[in-house]
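Starting from these lines, generate the structure:
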Amino acid sequence: MKKKHLILLLLVLAASLTLSACTGSRFQTTSWPGITIFEDDLFVAQGQRIYQIDPTNGAELTRIPRETDAKSPTYFAPPVITEDGQLFIGSYNNNLYTYNINNGTENWMFANDNRFIASVLLVDEMIYAPNADHTLHALNMSGTEQWSFETEGPLWAKPVYDGEKLYLASMDHHLYALNHKTGNEIWSIDLGGTTVTSPEISEDGVLYLGTFESEVLAIRSSNGVEVWSFQANDWIWAPPALVDDIIYATDISGWLYALEADTGKLLWNFKGEGQVSGTPLVTEDGVYIGTGDGNFYALDLEGKLRWNRFYKEDSLLLGDPVLAGEFVIVPVSGVEAILVAYDANGTIQWEFVPGN
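Here you go, the predicted model:
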């Protein structure tokens, strides 16, 4: 295995996360923060807490749970929040939790035998929770399991829904289309390699995702037939972004690719320094990616470099950047801060360092 591949996997696995679900407590789990924007605030999962943060100045508004101890669960996936303020998040201690964001109290917990790596999906009063036990667990809003669907590999990707079907990517090399009410399989396709990415869905019914065989694939959602494939230079860890009929995909060697969505034709590419494992942020001003070497890049929509900022020594900018108001918010690991906010010119506006 190439050294860069091993480094990236160790960041995610952190010695304690294995495909066989060994859960010894003597290792500390680590990953990059997961960010969700809800009602203009940032909700950031990192370690034993989810922080609510004002995106205008980086001030902490609250934290969930209020109190923690050595046995408290760890969270890294972007939390999912309902309109009535219920927060859903899986943990590395094998449980799925829901909290009330107004008072920080736990509503209920769904206990399992393996870890919840990805975010859950909420559809029609149902919770779809992928787990490293190879199983998609479908729960009602009270946390009672209604059905489950088992694959041959761990599930590290959030399922997606197009109004008709669920789409589930598994590390068993397959993408599955399921009936969202029953969990019955409608079709599946062998992707030719492992994937940990959620598909991106176009309005005309095409699914886009990447694999560890270094391919970006376009698959017809109606029948699971491949439309096109694009050969990248290395493993693709992150879901692609689809904006204005262009697919933006990254690989862990630091490449960013802009592809024509209809054909997979390469429009342009860009090579950054360090691993890239986050989905590119695409705005009207350009495209943004972070790397495992602490670099953050801003490009225009033609792929030309606008600016590059090195954050800090030992910093890892491996997560998905998000746009919050006028600032680009970047998740950080490896240093004290877990978020940094840049303005359009690449100037740091604030950093968030969790307090005790």
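
In the stretch 1-150 of the chain, where is pLDDT below threshold?
For the stretch 1-150 of the chain, the stretches with pLDDT under 70 are 1-30.

which residues in it form strands?
34-38, 41-46, 49-53, 60-64, 80-81, 86-90, 95-100, 106-111, 121-123, 126-130, 135-140, 145-150 (DSSP state E, counting those that start in this stretch).

Tell me which strands the fourth one pairs with, and in which orientation.
Note on strand 60-64: by DSSP bridges, its sheet partners are strand 49-53 (antiparallel).

how big is the angle separating the partner strand from strand 34-38?
Strand 49-53 runs at 40 degrees relative to strand 34-38, counting by axes from the mean of the first three to the mean of the last three CA atoms, to 10 degrees.

ok, residues contacting strand 49-53?
With CB atoms under 8 Å, 6 or more residues apart in numbering as the test, strand 49-53 has contacts from 41-44, 59-65, 68, 75, 79, 87, 89, 99, 101, 338-339, 352, 354. Where C-beta positions appear, they are placed from N, C-alpha and C, glycine not excepted.

Three-state assignment for V196, please.
Counting by DSSP: H, G, I helix; E, B strand; the rest coil, the backbone at V196 sits in coil.

gap between it and G274?
Counting by CB to CB, to the nearest Å, the gap between V196 and G274 amounts to 19 Å.

Comparing the two, which shows the higher neighbour count?
Using other CB atoms under 10 Å, the more surrounded residue of V196 and G274 is V196, with 24 against 19.

How about the more buried one: what's its closest non-neighbour residue?
Spatially, and ignoring its direct neighbours in sequence, V196 is nearest to W156 (4.2 Å; CB to CB, 6 or more residues apart in numbering).

What's the local residue count around that neighbour?
Neighbour tally, W156, other CB under 10 Å: 25.

Hmm, A118 and it touching each other?
Yes. At 5.7 Å, W156 counts as touching A118 under the criterion of CB atoms under 8 Å.

what touches both of the two?
Taking CB under 8 Å, 6+ apart as the criterion, W156 and A118 both touch P130.

Columns distance to G334 on top of the strands of the stretch 1-150 of the chain, output as CSV?
Converted to CSV, the strands of the stretch 1-150 of the chain look like this (distance: least, CB to CB, whole Å):
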stretch, distance to G334
strand 34-38, 16
strand 41-46, 12
strand 49-53, 18
strand 60-64, 20
strand 80-81, 26
strand 86-90, 22
strand 95-100, 26
strand 106-111, 30
strand 121-123, 29
strand 126-130, 27
strand 135-140, 32
strand 145-150, 36
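
quick one, which of those strands is nearest to A258?
Evaluated over the strands of the stretch 1-150 of the chain, closeness to A258 peaks at strand 34-38, with 23.6 Å, by CB to CB.

mind listing what that closest one pairs with, with the direction of each?
Strand 34-38 is paired, per DSSP bridges, with strand 41-46 (antiparallel).

what bridges to the residue lying closest to V160 once chain neighbours are set aside?
For V160, ignoring the flanking residues on the chain, the nearest one in space by CB to CB, 6+ apart is Y167 at 5.0 Å. Beta-bridge pairing of Y167 under DSSP bridges involves V160, A177.

Let me know which of the strands of the stretch 1-150 of the chain is the nearest to A261.
Closest to A261 of these is strand 121-123 (CB to CB; 23.0 Å).

So what touches the closest one?
80, 82, 88, 127-128, 158-161, 166, 180.

out of those, who's nearest A298?
Among those, and counting by CB to CB, the member closest to A298 is K158, at 26.6 Å.

Surely the residue nearest to V160 and G224 touch.
No. Using CB under 8 Å, Y167 is not in contact with G224; the gap is 9.6 Å.

tell me the contacts of the residue nearest to V160?
Residues counted as contacts of Y167 (CB under 8 Å, 6+ apart) are 159-161, 175-178, 199, 201, 207, 221.

and those as JSON lines, adding neighbour count?
Shown next, in JSON lines, are the contacts of Y167 (neighbours: other CB atoms under 10 Å):
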{"residue": "P159", "neighbour count": "26"}
{"residue": "V160", "neighbour count": "21"}
{"residue": "Y161", "neighbour count": "17"}
{"residue": "L175", "neighbour count": "24"}
{"residue": "Y176", "neighbour count": "22"}
{"residue": "A177", "neighbour count": "22"}
{"residue": "L178", "neighbour count": "23"}
{"residue": "P199", "neighbour count": "26"}
{"residue": "I201", "neighbour count": "18"}
{"residue": "L207", "neighbour count": "24"}
{"residue": "S221", "neighbour count": "22"}
